[in-house]
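Colleague: No sequence on hand, only this structure:
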């Protein structure tokens, strides 16, 4: 049986007296293959104190030194891609080829982007804004960052978090999700060769571990990627001590399909966006809004392409039995006016759910309002652009959306009025390290990726010197 330990102060550690563990399950088979430690007060204190000590060193490193370290971490990750893929597939059931061909290259690219960002921090120029005084704006690291990662992209989200934090000169204590701790620990082991001890630490544990990290007096900033419920919990705990927060939370993306598109091609592309990573993606194309004149044709095309998806080739299982049961519960509670066009059933032997298309839903239905986080697409019809926008914006989330049309004027109008942090046009889902990712409303606040993310891991200080 595999046992995953914490990584603190540059090494794997065992804490005497720690007996609590969590089981690790392969979602593709439903079988337990290992355990991980549940970190309590002693483990948390050890990691936070290590990060606080290391901050006094890392904060004074030069941008060039931080760049060099991140570039070396990226190279090492790239060289160990097979090992990282095997480790993550065991805990997530992901399609291995997707890990190797798409996710790990994106992780490497993101680290290299933030390596460059470390040496390109912009700010207001020094000057005499008051007679006889020179003002300088300093961008400084914040301190110790407690970062909480989700289970849908364990490695990628770890990279998204440590990249800007380390580039800016902060130190990190990262808590991976309970079900997927292994690649975070492996990443910390890989990075340790290039970082001072304590700069990047990983603590395994449960929700209470996360809450304790947020409350800890050494924590200066809290970053979480997770559900809206988890984000509210973090924000509530952090508010008691006025800690800075970075919240990348749930999504329920609308995809607005207008009648001037190629219906078959659009249905195929939307299925790709909805079923990637078994739909376990906060930007997944889960809520399709189609003009009434092509609604039936689109539903037929989408149903056909969904039914043709192959398990273990086009998609993998859901993360856990609990997640599968939650989604099956949503489908079992469908109102009588809804219709399951295809899918809707568990296929086993692990936690797989057949790709699902549901039509006939109304705006206040649970499946429309809730983030599903599974290979499930809902389809609603609209009569005109105004109604399309009302339906699209009529949920609490505001992370991602897309518009499918060949009308350039419509693109300008609709992208302006969609209340989402990202709007794609005639595509859905592509991300790049240079562009920001983050939402509004119940999708949280703050940006991942890009220079915007880098800036969020800095604080602004004004230094004024009198010279007359």
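Modeller: Perfect, thanks for sending it. Quick caveat, the model's predicted, so the values are computed rather than measured.
Colleague: The nearest residue to residue 414 once chain neighbours are set aside: helix or strand, and which one exactly?
Modeller: Nearest residue to residue 414 in three dimensions, chain neighbours excluded: residue 403, at 5.0 Å (Cβ to Cβ, 6 or more residues apart in numbering). Every C-beta, even on glycine, is put in place using the N, C-alpha and C of the backbone. Assessed by DSSP states H and E, residue 403 sits inside strand 400-404.
Colleague: Who does that strand pair with, and is each partner parallel or antiparallel?
Modeller: strand 254-257 (parallel), strand 422-425 (parallel) (DSSP bridges).
Colleague: could I get the ones you listed as a markdown table with mean neighbour count?
Modeller: A markdown table is the format used below for the strands paired with strand 400-404 (neighbours: other Cβ atoms under 10 Å):
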| stretch | mean neighbour count |
| --- | --- |
| strand 254-257 | 25 |
| strand 422-425 | 19 |
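Colleague: Out of those strands, flag the one nearest residue 283.
Modeller: strand 422-425 (7.1 Å; Cβ to Cβ).
Colleague: any idea where the helices of the stretch 151-300 of the chain begin and end?
Modeller: Under the criterion DSSP state H, counting those that start in this stretch, the stretch 151-300 of the chain contains helices at 154-167, 182-191, 207-215, 228-239, 263-275, 295-307.
Colleague: Export those to TSV and append columns for mean neighbour count.
Modeller: Listed next are those as TSV, based on neighbours: other Cβ under 10 Å:
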stretch	mean neighbour count
helix 154-167	27
helix 182-191	24
helix 207-215	19
helix 228-239	17
helix 263-275	22
helix 295-307	19
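Colleague: Out of those, which gets nearest to residue 437?
Modeller: helix 154-167 (8.1 Å).
Colleague: these two touch, right, residue 290 and residue 377?
Modeller: No - counting by Cβ atoms under 8 Å, residue 290 does not reach residue 377; the two are 11.0 Å apart.
Colleague: Nearest to residue 359 among the helices of the stretch 151-300 of the chain would be which one?
Modeller: helix 295-307 (5.3 Å).
Colleague: Pull the contacting residues for the residue nearest to residue 365 when sequence neighbours are not counted.
Modeller: Distance criterion Cβ to Cβ, 6+ apart; nearest residue to residue 365, sequence neighbours excluded, is residue 335 at 6.0 Å. By Cβ atoms under 8 Å, 6 or more residues apart in numbering, the contact set of residue 335 is 361, 362, 365.
Colleague: before we move on, what SS does residue 335 have?
Modeller: Classification of residue 335 by DSSP: H, G, I helix; E, B strand; the rest coil places it in coil.
Colleague: Where does the prediction get shaky in the stretch 51-200 of the chain?
Modeller: Applying pLDDT under 70 to the stretch 51-200 of the chain picks out no residues at all.
Colleague: residue ranges of the strands in it, please?
Modeller: Taking DSSP state E, counting those that start in this stretch as the criterion, the stretch 51-200 of the chain carries its strands at 127-130, 133-141, 144-148, 171-175, 200-202.
Colleague: Adding mean neighbour count and distance to residue 354, write those strands out as TSV.
Modeller: Output for the strands of the stretch 51-200 of the chain, formatted as TSV (neighbours: other Cβ atoms under 10 Å; distance: least, Cβ to Cβ, whole Å):
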stretch	mean neighbour count	distance to residue 354
strand 127-130	11	63
strand 133-141	15	47
strand 144-148	27	31
strand 171-175	28	33
strand 200-202	29	35
